[in-house]
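A.B. asks: 3D model of this:
(2 chains)
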Amino acid sequence: GAVVSQHPSRVICKSGTSVKIECRSLDFQATTMFWYRQFPKKSLMLMATSNEGSKATYEQGVEKDKFLINHASLTLSTLTVTSAHPEDSSFYICSASRKHGTVNTEAFFGQGTRLTVV
Amino acid sequence: KQEVTQIPAALSVPEGENLVLNCSFTDSAIYNLQWFRQDPGKGLTSLLLIQSSQREQTSGRLNASLDKSSGRSTLYIAASQPGDSATYLCAVRTTQGGSEKLVFGKGTKLTVNP
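C.D. replies: Below is the predicted model:
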């Protein structure tokens, strides 16, 4: 299957600092990538859709100025958590979908990033 | 709004048993349905993808079925092994808010006891 690589897998940062998470599609080009946040015992929550060469689309309730997304190439999207607070501590996962024709088909996920803000 | 429900939330079985995980969704207008496995602290691994026009997919000891009209899918695991212990997530690809999205259930946590 296709490979999506996410880095780092774990990060601890101090309150008020910023953290960048990278998501790479290793063997296919992804015009669209997705960023999710996972809370314990809850469904994955879609935060935003990252579009190559254009602005990301954020879900309702997600602060675009806090969660900065950049999709500068067809294989790389980054999520920057700015001015991190302890409540931002969570598990963040990225995904890329490999297209078949004009329809996005199978979704592949990164390994996830455990962010702890102290 | 599409909602995905997985039952049961947790399941514990002895090794060797066959088992079924259930997934239901409220809106039958889906592009496809995907089953994932997630180990603790890890990302999601795609297990099976069923397109909306398909009825089932098989991979090794796994078989997934899809009944789009009734909004149901099942994941059948044959001859379960302790290594199958993980959380299994079901997700449907659908259009929401004008764009394609994956909508996830909360998962079923499976424990296979040796």
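A.B. asks: Flag the shaky bits of the chain, pLDDT-wise.
C.D. replies: Just going to use chain A. Low-confidence regions of chain A, defined here as pLDDT under 70, cover residues A:1-2, A:100-104.
A.B. asks: Do you have the strands of it handy? List them.
C.D. replies: Along chain A, counting by DSSP state E, strands occupy A:4-7, A:10-13, A:19-25, A:32-38, A:44-51, A:57-58, A:67-73, A:76-81, A:90-100, A:103-109, A:113-117.
A.B. asks: Same list, those strands, but as a markdown table with mean neighbour count and distance to chain B please.
C.D. replies: Where you see a C-beta, it was placed from the backbone N, CA and C, and this is true even at glycine. Supplementary listing: the strands of chain A in a markdown table, determined by neighbours: other Cβ atoms under 10 Å in any protein chain shown; distance: least, Cβ to the nearest Cβ, whole Å:
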| stretch | mean neighbour count | distance to chain B |
| --- | --- | --- |
| strand A:4-7 | 20 | 7 |
| strand A:10-13 | 14 | 9 |
| strand A:19-25 | 21 | 10 |
| strand A:32-38 | 23 | 7 |
| strand A:44-51 | 21 | 5 |
| strand A:57-58 | 18 | 7 |
| strand A:67-73 | 17 | 15 |
| strand A:76-81 | 22 | 14 |
| strand A:90-100 | 21 | 5 |
| strand A:103-109 | 19 | 4 |
| strand A:113-117 | 19 | 7 |
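A.B. asks: Those into TSV, with extra columns for distance to B:Arg93?
C.D. replies: As requested, those are exported to TSV (distance: least, Cβ to Cβ, whole Å):
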stretch	distance to B:Arg93
strand A:4-7	17
strand A:10-13	30
strand A:19-25	18
strand A:32-38	11
strand A:44-51	12
strand A:57-58	16
strand A:67-73	20
strand A:76-81	19
strand A:90-100	8
strand A:103-109	7
strand A:113-117	24
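A.B. asks: Kindly report the residues of chain B close to chain A.
C.D. replies: Residues of chain B lying close to chain A by Cβ under 8 Å from any Cβ of the partner chain are B:4, B:31-32, B:34, B:36, B:41-46, B:49, B:51, B:89, B:91, B:93, B:99-107.
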